[in-house]
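Trainee: For reference, the sequence and a predicted model appear below.
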Amino acid sequence: MTNTRHYEGNPQKNSPALGATLAYLGVNGLLALLHGSQGCSSFIRLQLSRHYKEPIPLNSTALLEDSVIFGGWEHLKKGIAVAADKYKPQIIGVMSTGLTETFGDDMVSALSSLRSERPDLDDLPVVLASTPDYIGSMQEGYQRTVEALITTLAEHPTKTSEQPVSNSGAYSIEDHDLTIALLPGCHLTPGDVDELKEIIRQFGFRPITIPDLSISLDGHAELEAAPVVQGGTLLEDFRRLANAKACLSFGLSMEKSGEILKRTYEIPHFNFPSLTGLNVTDAFVLTLAKISGKPIPEKLLRQRSRLLDTLADYHDQLGGLKIAIALEMDLLYSLASCLVEVGSEIMVALAASQAGIHKLSLPIPIGVGDLETLEERAGKSTLIIANSNGRQAAGLLKLPHLRAGLPVFDRAGYPQKCWIGYEGTQQFLFDTLNSVS
Amino acid sequence: MFTNLTKLDLKDKQCMSDAGSPKLCMKALPGEGAERSCAYDGARVVLMPITDVAHLVHGPIACAGNSWDNRGARSSGSQLFRRGLTTDIMENDVIYGGEKKLKESILEIALRHNPKAIFVYATCVSSLIGDDVDKICKEAEVELTIPVIAVNCPGFLGDKNIGNRIAGEVLFDRVIGTAEGPNEKIPLSINLIGEYNIAGDIWGVIPDLKNLGITLQTAITGDAKFDDIRSAHKASLNVLICSKSLTNLVRKMEISYGIPFMEGSFYGIHDTSETLVNIAKALGDPDLLERTLVYVRKKEDETRKIIAGYKTLLENKQAILFTGGVKTWSMVSTLAELGINILAGGTQNSTPEDFQRMKELMDPSAQIIEDTSSAGFLKIIAEKKPDLIVAGGKTKYLAHKTRTPFLDINHGRKLPYAGYQGMVTFAETLTRTVLSPVWGLLKQEFPPKESEQDD
Ligand code: SF4
């Protein structure tokens, strides 16, 4: 699998700052501020908004030629101050770009300089995520941002008198036993995250989800449009993390964030690289049973047995599938390993970037590649799994194309779709089969 | 440092003092939430609809990765322009420079995709690390048989308008007039300037031009072929469609090739007719003018007859208009044609001239939207409670939160609205939107109040 090309043709990668935006969009009351020029933020807004069919609040420090010569420090300070004054967010989440990282803007000292000039902003938490465009893809940006969120917000002093932790104002010992921290990777849709929380609740747990796209980007009509994120993880949830009984992270990219929580609060951490497929869901459910000390709920067993029935009914068709897949690593691994589990053949597997590529094993080689490579190698497959941009390859090769990843703009309902757990795995297999017939 | 801005005829522009007018010379404030784009985006918007060339973005994944193939410009032939090509600058390139990678990429793309030419876009990071895109393009050109054209448009130079102008310069300097063969003018031929064939708009206009005996040399740039643009200097007239962002180009073509230019719009019955008649006048052929006058009258009657039903349904609806470029003013008259009143209007990415024109066309009581951020936009909707919002895709989902009928007229749309045929499509779509039963469902109170439950 050698790639001798020097250019990307039909890239499947999104910028790391887009991943950062996504992570920020799962935190309530947060205003995301991109430290860079306007084009970057405008492309991110457009890309996310055509995927989620939602307005995407994202602000920028609007760098121009002068700041490129003299540095963007002042712009960052001004950006935070203006955004704080104008939009009154609970949190400001900053991400850097290739531009600001290249001229080496020191965001930390810019922030501390602002803090000394504007003591009135002392209580405003500001998260700084370093997401240069030339390192990795959406997944890396998301990952770095979740880490920055956890390290910054879990420790930020809170005015508890203003923000009661719950209705009663405090958590009892009992709550301590019930709280579980969930760290979903960016490969999970709002629909997936919803299902994740539902499974956890069946064991009597109360999830704290970071970030929680299932209540901010799930496309519901009740909320008013606003310049800050509505729904998502609450600021006080970050402070409740210390009380969690365990932390569960999903997707290999989320492992490090989980380890940070483990180190900080001495809570057990379990990482699940995938939740699509029978065995991985079994492992997840057994872990929950163990932590909770409760039997596996009837509903889950029922779903499991339905999945088994589906496997029996369609084993032959599933075995006949020859798949070419190009996705970001976590999602690629989840879907491809599920397909391998049911006997399908993976012909081509192309990850968007290097991240995690050697850590997870599939019985097929995974390369790093773009959609032009997919087009070159997918000829002998029966199905292409890729984001909507894969339609050029699929069109040329006259192959069916199952949309996955981001962006998916030409299929209805993708953000609400659930492909995890027993029921979600069943749905994934149905969708796969239906797209080839 | 990177591109000579004064050359682009921008620095000497005065600020428009009028409330809400586009502030070409004003910078967006950091943190303020202005929704503008960058110079690279502006250049790409103009150049990428050249369909048979390769567009290579020299930058990290931010510039090309999030945005390729996201505009609705359609092609009747080659699909090469839709391919996302980028050098995908990585950390090592930032440290050691990306020139070598760029050179290799150009050569590989030429070999693999067989383009008519390659446009290479410099972006923020590649400019900042000092890659000399001009030099590399020249070097590559020596090794290849096709033009390799540098477009110096790093995003930090400014917003979209600046990028549009840079693209105009590039076309003038490197493409137009480079065709081989005789240079004489093609009689009764025109170029459309600033028409991007969004959703196939041009195809709604070409039949009318054909019926009148007018040749479309090329559109700069929509469904454009590289060779046709090379010969654009042979046209007898330039018709400037989208805003003034390519004024620099038509001015230069006038001076160098003696091609006069006029402005026009193909949105709405009135504007389409007026533009066709003005083209006929400008081409100076009395016979053509006579033909055109008869033709447009016939087309107007036909079209008005078809849309009469829609007009009855839409009459006296109140709209808020929020758009940019030519649509700023052209949409005012298009909506008026359907009996729709405009409560308030605002613009982004428009020139002051476009804005002025919009203001003149609107009812004096209509309000100008001054705060063009999302917050300002929402505020005006809450105040005015319009029956309809007409705007670009950027505001679409925001507008939906207000449960107001919304029509996307920008590049995200699927249907062509240009010309007489486009007007019918527009009226149809608008009616479907405004009268859609879903808005009622969205506004229904649930659970219903006690008293209503008893009814
Ligand atoms: S602002 Fe600069 S880095 Fe961002 S998209 Fe535009 S050219 Fe690329």
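Mentor: Alright, I've got the coordinates.

Trainee: Show me what from the stretch 251-400 of chain A comes close to chain B.
Mentor: A:Glu372, A:Asn389, A:Gln392 (C-beta under 8 Å from any C-beta of the partner chain). For the C-beta atoms, the positions are set from N, CA and C on the backbone; glycine is no exception.

Trainee: Closest one to the ligand out of the residues you listed, please.
Mentor: Closest approach to the ligand among these (C-beta to the nearest ligand atom): A:Asn389, at 17.3 Å.

Trainee: Tell me if I'm right that the closest one and B:Trp68 touch.
Mentor: Yes. Counting by C-beta atoms under 8 Å, A:Asn389 touches B:Trp68, with 7.4 Å between them.

Trainee: And the two? Which one has more around it.
Mentor: Between A:Asn389 and B:Trp68, counting by other C-beta atoms under 10 Å in any protein chain shown, A:Asn389 is the more crowded of the two (27 against 22).

Trainee: Distance-wise, check that one relative to A:Ala17.
Mentor: Per C-beta to C-beta, to the nearest Å, A:Asn389 is found 19 Å from A:Ala17.

Trainee: rewinding a little: and for A:Asn389 and B:Trp68, which residues touch both?
Mentor: Taking C-beta atoms under 8 Å, 6 or more residues apart in numbering or on different chains as the criterion, A:Asn389 and B:Trp68 both touch A:Asn10, B:Gly84.

Trainee: is any part of stretch B:366-382 close to chain A?
Mentor: Yes. Using C-beta under 8 Å from any C-beta, stretch B:366-382 reaches chain A at B:Ser373, B:Ser374, B:Ala375, B:Leu378.

Trainee: To clarify, my last question referred to stretch B:155-168.
Mentor: Yes. Residues of stretch B:155-168 are located near chain A by C-beta under 8 Å from any C-beta, namely B:Gly155, B:Phe156, B:Leu157, B:Gly158, B:Asp159.

Trainee: Give me the subset of the residues you listed lying in strands.
Mentor: Counting by DSSP state E, no part of the residues of stretch B:155-168 next to chain A is found in strands.

Trainee: Looking at these, which one is closest to A:Gln47?
Mentor: Comparing the residues of stretch B:155-168 next to chain A against A:Gln47 with C-beta to C-beta places B:Gly155 closest, at 15.7 Å.

Trainee: For the closest one, which non-adjacent residue is spatially closest?
Mentor: Excluding the flanking residues, the one nearest B:Gly155 by C-beta to C-beta, 6 or more residues apart in numbering or on different chains is B:Cys38, at 3.0 Å.

Trainee: can you check B:Leu321 too?
Mentor: Once flanking residues are discounted, B:Leu321 sits nearest to B:Gly345: 4.4 Å by C-beta to C-beta, 6+ apart.

Trainee: How about B:Leu209?
Mentor: Excluding the flanking residues, the one nearest B:Leu209 by C-beta to C-beta, 6+ apart is B:Leu216, at 5.6 Å.

Trainee: Around the closest residue to A:Ser274 other than its chain neighbours, count how many other residues there are.
Mentor: Nearest residue to A:Ser274, sequence neighbours excluded (C-beta to C-beta, 6+ apart): A:Ser334, at 3.9 Å. When neighbours are defined as other C-beta under 10 Å, A:Ser334 has 31 of them.

Trainee: what about A:Ser334, distance to A:Leu188?
Mentor: According to C-beta to C-beta, A:Ser334 stands 9 Å off from A:Leu188.

Trainee: and the residue nearest to A:Ile366 when sequence neighbours are not counted, bridged to which residues?
Mentor: Distances taken as C-beta to C-beta, 6+ apart put A:Ala349 closest to A:Ile366, at 4.5 Å, once the chain neighbours are dropped. As for beta bridges, A:Ala349 partners with A:Ile325 under DSSP bridges.

Trainee: any chance you could map the strands in the stretch 301-437 of chain A?
Mentor: A:322-327, A:345-351, A:367-368, A:383-386, A:401-403 (DSSP state E, counting those that start in this stretch).

Trainee: OK, now which residue of the stretch 51-200 of chain A is nearest to the ligand?
Mentor: Nearest residue of the stretch 51-200 of chain A to the ligand: A:Leu99, at 5.4 Å (C-beta to the nearest ligand atom).

Trainee: Look up how far chain B lies from that residue.
Mentor: Using C-beta to the nearest C-beta, to the nearest Å, we find A:Leu99 at a distance of 4 Å from chain B.

Trainee: what's the answer for A:Tyr134, then?
Mentor: From A:Tyr134 over to chain B (counting by C-beta to the nearest C-beta), the distance is 4 Å.

Trainee: Wait, that residue touches B:Glu91, no?
Mentor: Yes. If you go by C-beta under 8 Å, A:Tyr134 and B:Glu91 touch, sitting 5.2 Å apart.

Trainee: need the contact list for the residue nearest to A:Ser274.
Mentor: Counting by C-beta under 8 Å, 6+ apart, A:Ser334 touches A:His187, A:Gly251, A:Pro273, A:Ser274, A:Leu275, A:Thr276, A:Gly277, A:Trp419, A:Ile420.
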